[in-house]
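**Q** Structure for this input, please:
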Amino acid sequence: MKSLTLASIVLVLGTGAAFAQDVVRMGTEGAYPPYNFINDNGEIDGFERELGDELCARAELTCEWVTNDWDSIIPNLVSGNYDTIIAGMSITPERDEVIDFTQPYTQPDPSAVVGMIDGLDLAGAVIAAQTGTIQAGYVAQIGATLVEFSSPDETVAAVRNGEVDAVIADKEFLKPIVEEEADMMFVGEDILLGGGIGMGVRESDPELKATFDAAIQTMKDDGTLNALISKWLPASALF
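**A** Numbers count the residues shown, from 1 in each chain. From the prediction side, this is the model:
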């Protein structure tokens with residue numbers, strides 16, 4: 001995530017209007033399957049597309065989808081380019097200082113490390129992660145050498161071409177890569193990071209946050225959220 005000065009955050013949040021609009025713009029990355037991706041028809045697809053459409057229907061909102069690069073996804077929410085972030089974003093104290101989050105719509109999902117060297121010593125390894133992710137912060141914590149990339153596909157490509165020893169990301173993103181590529185393997189145990197995944201909203205939009213909180217809760221209560229998680233994220237814990 002690009003850094004924001006405190007002054008710029010205060011300026012944007014101070015001028016934000018209360019939630020009262022005809023169309024809610026749903027911001028996502030469109031590059032992190034199975035959470036969100038662009039399908040063969042050029043449309044946003046995945047777990048969060050299906051979830052977001054259902055939430056909007058339950059809340060009786062007209063929603064449209066917008067894609068944005070991950071490294072500027074929070075600043076562009078704050079500046080008003082869209083109204084929510086629904087992009088596999090883990091709830092962390094650092095992010096919560098800048099934006100608000102709904103209640104989580106997934107439990108904390110396992111992160112994993114994938115490389116091409118069996119028995120790789122992670123503490124002494126060079127590990128790729130996407131910029132601004134909780135996984136990037138974890139690499140720094142364990143003392144490994146971090147190399148950041150702007151997109152998830154670039155992190156995997158860096159392993160393939162020998163630029164780094166391994167990549168760390170959500171296990172659901174990495175699993176198909178390991179299954180399809182014989183040279184790729186999981187290294188070490190799964191890692192639990194963050195407080196689950198939620199929708200990001202501006203701090204000046206408490207009504208929108210409350211609206212989506214209520215819709216998420218109805219999906220938890222009637223089991224439809226667990227059904228979506230089982231469909232798209234079968235290894236994830238259910239509510």
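**Q** CA atoms only for the longest strand along the chain - export them in PDB, please.
**A** Scanning the chain for the longest strand, with DSSP state E as the assignment, gives strand 185-192. Output in PDB follows, covering the C-alpha atoms of strand 185-192 (Å, rounded to 0.1, in the frame of the first residue of the first chain):
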ATOM      1  CA  MET A 185       6.000 -27.300  -3.600                       C
ATOM      2  CA  PHE A 186       4.800 -26.100  -0.300                       C
ATOM      3  CA  VAL A 187       7.500 -25.300   2.200                       C
ATOM      4  CA  GLY A 188       6.900 -25.500   5.900                       C
ATOM      5  CA  GLU A 189       3.700 -25.300   7.800                       C
ATOM      6  CA  ASP A 190       0.600 -23.100   7.100                       C
ATOM      7  CA  ILE A 191       0.700 -19.700   8.800                       C
ATOM      8  CA  LEU A 192      -2.300 -17.900  10.300                       C
END
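**Q** just checking, what packs against that strand?
**A** Other helices and strands packing on strand 185-192, by 3 or more C-beta pairs under 8 Å, 6 or more residues apart in numbering; DSSP states H and E, are strand 110-115, helix 171-180. All C-beta atoms are positioned from the backbone trio N, CA, C, and that covers glycine.
**Q** what angle sits between the shortest one and strand 185-192?
**A** If you take axes from the mean of the first three to the mean of the last three C-alpha atoms, to 10 degrees, strand 110-115 sits at 160 degrees to strand 185-192.
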